[in-house]
Structure formats: C-alpha cells, structure tokens
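# fold the following.
(one chain, ligands or ions: 1)
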Amino acid sequence: MAHSQKTFRQFMLEDQDIDTDLLMLLEDIATACRAVSDHVRNGAFANVLGAANSTNVQGEEQKKLDVIADEEFMRHCANSPRVAALVSEEVDEVHWLKESPQAGDFVVYFDPLDGSSNVDVNLSVGSIFSIMRLSEATLPSDTAVLRPGTEQICAGYAIYGPSTGLVITTGQGVHGFTHESGTGEFRLTHPDMTVPPKTVEYAINSARETFWYEPVRRYIADCVAGKDGPRKEKFNMRWTASMVADVHRILTRGGVFLYPLDSGNETTGGKLRLMYEANPMGMLIEQAGGAASTGTGRILEVQPTTHHQRVSVILGSSEEVAKIETYHRN
Ligand code: FDP
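The predicted model follows:
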C-alpha cells in the first residue's frame, strides 16, 4: 500500500480531507491515548491497579485507572481551542469549556478506559471517542450535546493490547495505526480496514442467557446447533468483556458482537452507552462496510434523550446483523 507506515499527522494531512482544527484535536486525543497506554502498561509499578473505592455516575465501581484515564482525556482535549464541551463516561455532568459555544466548535464524547475489569488481569482494554460539531451557536446546556450518531464527524478508539493501536474514521474509511515505541509516533499499519459481510463467529456474554429475550435466545441456539442446525454452519464464540477488543477483532477478521437489551438490563435500556460506546463503534463498523443495529433499527439514528443513555447493541458483519434483525422481526 503506497501510504502505508505514514505517521498519523502525515496521513491525516495528505490522505484525509479534514481541517486544521480537527487535526489538532485528533493529535490531542492521540496524546491522551499515549498517556493512558503508559499508565496501563506501568500500572503495577505506580500502584494504580485495582479499585478506586468510588463509583461513577452509572453506579459502577471505578478502577483507579478509570479516574486517571479520565483526567488524561479531560486535560489533553481541553488544549484544543475549538472544543466547547466534553462528555465522559466517568463524569455526571457535561463539562463545558466555553461559555458561548459557537457554530463549528467540537463536542467530544469519550469512554476513557473501556473494559476496565480486564486491567487487573492484564488483558486488552481501550479508550473510545466520538466527535461532533455544533451546527450553530448555543447555550452550554445538556440538550446541545444530545445529537444522534449520524452527526458524528469522527470516531475511534485506542486499544491497549500486545501493542497500542489507534483506529479512526473521519467518514473516509477506517484506518488503523500502531504506536511505535522509540519515536512515540502512531504509524499507519492497517489502512482501509473492512468487515467481511459474512461470518461464523459471534461474541456475547452467554452467562446472561437467563435474561435473553426470544429473538436472541433463538439466534444463539441456532448458531450453537452448528452444521446440524438451521444455519448449517459450525459457529465459533469469543467474548473478551472489553468492547474495544471485541470490535477490534471484528474489524480485523469479521464477526458479530451482541450486548442486547434483555430482562436484566431493560430498566436502564441496555448495558452499553449510546453516545460514547455504541455510536462511535457503530460509525467505525459502518464505515468498514459492516452494520450496527439495536435489533430493530440503526444505532446511529437513535435520538438520545440523556447523555449517559444506554442502548441495545448488535454490530459487525452486515449479513449476520441483518439475519439477527430478521429474528427480531419474526
Ligand atoms: P466495562 O464495564 O468493563 O467497561 O463498557 C462496558 C463493558 O466493559 C464493555 O467494554 C464490555 O463489552 C462489557 O461491558 C462487558 O460486560 P460483561 O461484564 O457483562 O461481560
């Protein structure tokens, strides 16, 4: 590939049609990801593994690294003069940086450390982010940030695994970069990532089977039945309990990921958060040729009513997502 191995900045300047304001913000986000990666890798020396003895707005126990990762994102994103507001999984309120946000200013949504239950056992975790642009000058109110995923101008994640990777879309395909130790650069190693339309691999937390509604129960039963079942295919299952790692696998070799609405999470509307988990992953997967659905409709078209809203998530290989939607219709 001609543009392979370019640095992040080179690729963004030469191959992506984005303006300088967005480029500067993306570089600040990349710096935040480098900093979080460093905290994750050196956590055992700095005594930052384990619980923080606090809970976030969702009532979930925070890890020390959840809090540290949030501080890194808050600090680095605030460097960019066009950022009006930050919406973090770890913070109850929208964090407004501008008193009079203008048209063209950015709102950045992020989950600073996704899959953090994996940190203490040394498995892959990540950071997820999404960027929208205000279409007009506005008051700094919660409603100003409640935009559907179709309005995202950029989405991405960093994965802290055997290597640190940064995967990003600005609506011009999906491109993966690897952190080069030594120079500290992110370099383009996975240009034009695509999700194959067909798959025989699914990811779901099957310990929740008792809560599943009928469409998901029937779909998984048909997969498990293998070659003798109605699908006539041998399926494989993977679940890392880290959405970033599961989505990264799907962007690399295909598959389908489900965290559906079930009777155990219906009072909260699902488990995963719409604005800083489902929407950015939905945009990436769609840009890579896959599909992202609630089971009954496109995730990116869900109109949020609160910024910590949760949603049912089914995403990955397009033909398999369409198949799961037919289970819901039937
Ligand atoms: P976590 O709570 O550890 O941050 O964001 C929610 C998430 O992880 C996803 O990354 C992951 O896919 C899912 O929750 C794991 O849920 P289970 O605990 O039900 O496996």
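# where's stretch 55-75 relative to the chain centroid, distance-wise?
16 Å (CA atoms, centre = their mean, to the nearest Å).
# show the average pLDDT along that stretch.
Taken as a whole, stretch 55-75 carries a mean pLDDT of 86.
# ditto for stretch 185-201
97.
# distance between the ends of it?
33 Å (CA to CA, to the nearest Å).
# mind listing what's buried in that stretch?
Neighbour-count burial for stretch 185-201, with 16 or more other CB atoms under 10 Å as criterion, is recorded at 185-191, 193, 195-197, 199-201. The C-beta positions use only the backbone N, C-alpha and C, and glycine is treated the same way.
# of those, which belong to strands?
Counted as lying in strands by DSSP state E, out of those, are 186-190, 201.
# possible to save these as TSV with distance to residue 47?
Shown next, in TSV, are those (distance: CB to CB, whole Å):
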residue	distance to residue 47
186	28
187	32
188	36
189	33
190	34
201	38
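# how is the protein partitioned into domains?
Domain assignment for the chain by automatic domain parsing gives 8-190, 201-329.
# which stretch in these has the least confidence?
domain 8-190 (a mean of 94).
# now the helices for the protein?
Taking DSSP state H, the helices of the chain run over residues 8-15, 20-41, 64-77, 214-224, 243-253, 279-287, 318-329.
# a markdown table for the ones in strands among the buried residues of stretch 185-201, including distance to the ligand?
Compiled in a markdown table, those are given as follows (distance: CB to the nearest ligand atom, whole Å):
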| residue | distance to the ligand |
| --- | --- |
| 186 | 22 |
| 187 | 26 |
| 188 | 26 |
| 189 | 23 |
| 190 | 21 |
| 201 | 16 |
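# between these, which is nearest residue 94?
Residue 94 lies nearest to residue 186 out of those, by CB to CB, at 28.4 Å.
# excluding its backbone neighbours, what's nearest residue 166?
Nearest residue to residue 166, sequence neighbours excluded (CB to CB, 6 or more residues apart in numbering): residue 177, at 4.5 Å.
# what's the answer for residue 243, then?
Spatial nearest neighbour of residue 243, excluding adjacent residues (CB to CB, 6+ apart): residue 114 at 5.5 Å.
# for the ligand, what are the nearby residues on the stretch 151-300 of the chain?
205, 241-243, 272, 277 (CB under 6 Å from any ligand atom).
# from those, which is closest to residue 38?
The closest of those, once distances to residue 38 are taken by CB to CB, is residue 242, at 18.6 Å.
# give me the nearest residue to residue 113, chain neighbours excluded.
That would be residue 69: by CB to CB, 6+ apart, it lies 4.0 Å from residue 113.
# surely the one you found and residue 129 touch.
No - Residue 69 is not in contact with residue 129 according to CB atoms under 8 Å; the separation is 11.5 Å.
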